[in-house]
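In: Okay, predicted coordinates and the sequence, questions at the end:
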Amino acid sequence: QVQLQESGPGLVKPSQTLSLTCTVSGGSITTSYYDWSWIRQPPGKGLEWIGNIIYNGNAYYSPSLKSRTSISRDTSKNQFTLQLSSVTPEDTAVYYCASFSAGADDYWGQGTQVVVSS
């Protein structure tokens, strides 16, 4: 069974870059037709898709966040990473990594709280 675990700082100052890593076990991030996503949930709001990196290394981003977002991967460590630049308090949220594939189970990490505050 695929397991995902987010890691990174829980507190980021405004204007800095938020960086989170998702470590995957029980499956490879290069497995065909899987995509590896970052999703967040601000307090009191619904889930927001940030972007993903698919099995071949191509990355796709939410139009509203594209200018500030970068998703990359380290296949040797079976990890993928989110970088969100120029953060503001509105970027405070629980951040999740997840994997999706048509016809297969979805897998989610437990989520990590990130607070943007000086």
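Out: Great, that's in hand. Residues are numbered from 1 along each chain as shown.

In: How is the residue nearest the centre of the chain assigned, secondary-structure-wise?
Out: The residue lying closest to the centre of the chain (C-alpha atoms, centre = their mean) is Trp38, at 2.7 Å. Classification of Trp38 by DSSP: H, G, I helix; E, B strand; the rest coil places it in strand.

In: and it, what does it touch?
Out: Taking C-beta atoms under 8 Å, 6 or more residues apart in numbering, we find Trp38 in contact with Leu20, Cys22, Trp49, Ile50, Gly51, Asn52, Ile71, Leu82, Tyr95, Tyr96, Cys97, Ala98. From N, CA and C alone the C-beta is placed, and that goes for glycine too.

In: List only those of these flagged as buried.
Out: Applying 16 or more other C-beta atoms under 10 Å to these, the neighbour count classes Leu20, Cys22, Ile50, Gly51, Asn52, Ile71, Leu82, Tyr95, Tyr96, Cys97, Ala98 as buried.
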